[in-house]
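Asks: Let me see the structure of the following:
(one chain, ligands or ions: 3)
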Amino acid sequence: MASTSCSQIPLRSTSFLKNSVLSGATHVLSKGFYLYSVLIHPPANSRAPQTPISAAMQEDKGLIVETSDGKSKLRIPHVLSVAGSDSGAGAGIQADLKACAARRVYCSTVITAVTAQNTVGVQGVNIVPEDFVAEQLKSVLSDMHVDVVKTGMLPSLGIVKVFHRSLKQFPVRALVVDPVMVSTSGDVLAGPSILAGFREDLLPVADIVTPNLKEAAALLGGVHLATVDDMRSAAKAIYDMGPRNVLIKGGDLDASFDAVDIFFDGENFYELRSPRITTRNTHGTGCTFASCIAAELAKGASMLSAVRIAKRYVETALDYSKDIAIGNGLQGPFDHLLKLKSDVRNSCRPRPFDPDDLFLYAVTDSGMNKKWGRSIRDAVKAAIEGGATIIQLREKDAETRDFLESAKACVKICRFHGIPLLINDRIDIALACNADGVHVGQSDMPPKVARALLGPEKIIGVSCKTPEQAHRAWIDGADYIGCGGVFPTNTKKNNISVGLGGLKDVCVSSRLPVVAIGGIGASNARSVMEIGVPTLKGVAVVSALFDRESVLVETRKLHALLKETALSVK
Ligand SMILES: Nc1ncnc2c1ncn2[C@@H]1O[C@H](COP(=O)(O)OP(=O)(O)OP(=O)(O)O)[C@@H](O)[C@H]1O
Ligand SMILES: Cc1ncc(CO)c(N)n1
Ligand SMILES: [Mg+2]
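Replies: Numbering: from 1, shown residues only. Ligands and ions are numbered 1, 2, ... in the order given. Model (predicted):
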């Protein structure tokens, strides 16, 4: 069998290659696929990494391509977590599931113990009978293709033995051992009797072992570890017990230290250092760290890069969740999905998109604001006070940093008034300021991609001139379309106007609500709304509001006129 080139894993020597058993095969190199790997399983006593030389990831979906019998299948990278349940859901199986989900890897679970646990401590532990742990292992491993196994709480020597036997029966690509023994609250999760199981059975077959300070001390027979130098010596001593790599976590170092971890691959020491985040929400960092390593290995990363990504991920999640309050105890959980950010008031839109929001749609223009000497936020405030029902920031020539600052301020104003705020074109700005959505043109970011980036709850509008474009926008998951320019306009030179006839054609065919745009103001808004097609929900206005001395007065005037027209059209 032939081997592919080995770019991902730093192989120790070519003799390793010679001694290795090659399995797998070279696979499809067709459109959209990377070349699949040859998996190399080193001989059992080898210290070489067991991860694959390269993983076959489908470019945009993070899926693995496998072929057998000439057919290719898509598979999601898969981690099996063998661990205990934490009822408070900050650590254990629950942390593993969340970490894998956040890293976009499938996670199956074998539960070894059920703990009654919260932010105060561990109130009870119920160990799952050995034969039932064995049954769960068999259910998963006999049926599913598991790439990497990660172990957490293994509460008895018997369970370690059962697990070790299963691994021999169903070998996997890599084994990540988090030798959980004591919770941070000081409660014992696995007694000293399991140390023999770690030393004799698991460490010799582990690709990486990730003890915290107390666990490293226990593995080494009770030495005292208090400094980074101690961690280096411990990493070396634990490496001598057989694992291919060792990571000693320094979360429990004195608070005056950075968050320092020591990674040792048998040749080099790496000091992984990040600022220590001041937070009580560190419960489950260890489980998360190990799961993230497993997830990255499952995707095909090298061990060092998996460890680096895991460290960065934990740091980001802690920083993001540093102020959240769950439970009343000393150590709280953090948010793996980086969504529960503290400023809840600013991050929630009060209600979902309503097509009637399109009634009086105000679109700001940086040039006009400059001309009249007003800031974007003053323009937005005045438009809202005058009756605008939705705002779009269209800042074609603003510097990104300034634009973001203004956009953040406008989000606050709009939230306060319950008015949706959209950003023209700039998905990055919309994400960074947590706007309610975006408006894109035919040559901007495709609505499907914008949706994938922004998520299901954001508003996406698309400019359309024809029924075909309107149909496409509907298929692509837009929320509304902007149709125009209805009349010639200064804001878009060389833009072909569709006229009232073109607008009507689009409105009649559109399954999405429509807002008319282009050269609309007090003089012609009535004629637009009088086309009388129910999908037409309002008018979008730039110059007639913002290229005027008083935005407030002009918006009020137009709002009154639209109201009047709405009554007469009904
Ligand atoms: N306050 C903090 N700021 C930044 N990183 C931290 C902090 N606390 C822990 N870490 C990092 O989190 C990771 C896990 O380390 P830690 O020593 O907390 O593991 P653990 O004790 O096994 O965790 P747990 O038992 O709570 O699940 C390490 O990379 C560590 O450096
Ligand atoms: C179930 C479980 N596993 C691991 C840990 C370590 O954080 C914990 N506290 N609880
Ligand atoms: Mg800890």
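
Asks: Would you check that residue 375 makes contact with residue 364?
Replies: No: if you go by CB atoms under 8 Å, residue 375 and residue 364 don't touch, sitting 10.3 Å apart. Every residue, glycine included, has its C-beta placed from N, CA and C.

Asks: quick one: which of the two has more around it?
Replies: residue 364 (24 against 13; other CB atoms under 10 Å).

Asks: Check for me that the more buried one belongs to a strand.
Replies: Yes: Residue 364 forms part of a strand when assessed by DSSP: H, G, I helix; E, B strand; the rest coil.

Asks: beta partners of it?
Replies: residue 393 (DSSP bridges).

Asks: show me the contacts for residue 441.
Replies: With contacts defined as CB atoms under 8 Å, 6 or more residues apart in numbering, residue 441 is in contact with 425, 462, 463.

Asks: ok, now residue 172?
Replies: 80, 141, 146, 147, 148, 149.

Asks: do you know how far the first one is from ligand 1?
Replies: Same thing as residue 80. For residue 80, the distance to ligand 1 equals 19 Å [CB to the nearest ligand atom, to the nearest Å].

Asks: Number of residues surrounding that residue?
Replies: Neighbours around residue 80, by other CB under 10 Å: 27.

Asks: can you give me phi and psi for it?
Replies: Main-chain dihedrals, residue 80, degrees, to the nearest 10: phi -100, psi 120.

Asks: so it makes contact with residue 111?
Replies: No: in this structure residue 80 lies outside contact range of residue 111 using CB under 8 Å: 11.6 Å.

Asks: How about stretch 287-302 and ligand 2, touching?
Replies: Yes: Stretch 287-302 comes into contact with ligand 2 (CB under 6 Å from any ligand atom), by way of residue 287.

Asks: anything in that stretch near ligand 1?
Replies: Yes: using CB under 6 Å from any ligand atom, we find that stretch 287-302 touches ligand 1 at 287, 289.

Asks: for residue 379, phi and psi?
Replies: Dihedral angles for residue 379 - degrees, to the nearest 10 - are phi -60, psi -40.

Asks: okay, now the domains of this protein?
Replies: Per the TED database, the domain ranges recorded for the chain read 73-345, 355-569.

Asks: Let me know which of those domains is the nearest to residue 65.
Replies: Set against residue 65 and scored by CB to CB, the domains of the chain come closest in domain 73-345, at 6.3 Å.

Asks: So what's the gap between that closest one and the chain middle?
Replies: 20 Å (CA atoms, centre = their mean, to the nearest Å).

Asks: what does stretch 544-563 give?
Replies: That offset, for stretch 544-563, works out to 42 Å (CA atoms, centre = their mean).

Asks: Check what contacts that stretch and list those residues.
Replies: By CB under 8 Å, 6+ apart, stretch 544-563 touches 359-360, 362-365, 368-369, 371-372, 374, 379, 382-383, 385-388, 520-522, 525-526, 529, 538-539, 541.

Asks: So which of the contacts of residue 441 are in strands?
Replies: In strands, judged by DSSP state E, the following of the contacts of residue 441 are found: 462, 463.

Asks: And the contacts of residue 441, which is closest to ligand 2?
Replies: residue 425 (44.7 Å; CB to the nearest ligand atom).

Asks: Surely the closest one is in contact with residue 435?
Replies: No: counting by CB under 8 Å, residue 435 is not a contact partner of residue 425; they are 11.9 Å apart.

Asks: of those two, who's got more company?
Replies: Set residue 425 next to residue 435 and count neighbours by other CB under 10 Å: residue 435 wins out with 27 against 19.

Asks: who's in contact with the residue nearest the centre of the chain?
Replies: Nearest to the mean C-alpha position of the chain, by CA atoms, centre = their mean, lies residue 102 at 5.2 Å. The neighbours of residue 102, taking CB under 8 Å, 6+ apart as the test, are 313, 317, 336, 337, 338.

Asks: Could you report the separation of it from residue 298?
Replies: Computed as CB to CB, to the nearest Å, the residue 102 to residue 298 distance reads 14 Å.

Asks: same thing with residue 233?
Replies: For residue 233 relative to residue 298 (CB to CB), the value is 31 Å.

Asks: Look at those two and report which has more neighbours.
Replies: Applying other CB under 10 Å to residue 233 and residue 298 shows that residue 298 carries more neighbours, namely 32 against 16.

Asks: is residue 110 in a bridge, and if so with what?
Replies: residue 82.

Asks: List the contacts of it.
Replies: Neighbours of residue 110 in contact, by CB under 8 Å, 6+ apart: 80, 81, 82, 83, 133, 136, 137, 140.

Asks: The stretch 1-150 of the chain: strands as residue ranges?
Replies: 21-23, 39-41, 57-58, 63-68, 71-75, 78-86, 106-117, 122-127, 148-151 (DSSP state E, counting those that start in this stretch).

Asks: any chance of those strands in TSV, with mean pLDDT and distance to residue 564 too?
Replies: Listed next are the strands of the stretch 1-150 of the chain as TSV, based on pLDDT from 0 to 100; distance: least, CB to CB, whole Å:
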stretch	mean pLDDT	distance to residue 564
strand 21-23	30	77
strand 39-41	34	73
strand 57-58	54	56
strand 63-68	75	56
strand 71-75	84	57
strand 78-86	98	62
strand 106-117	98	58
strand 122-127	96	67
strand 148-151	98	66
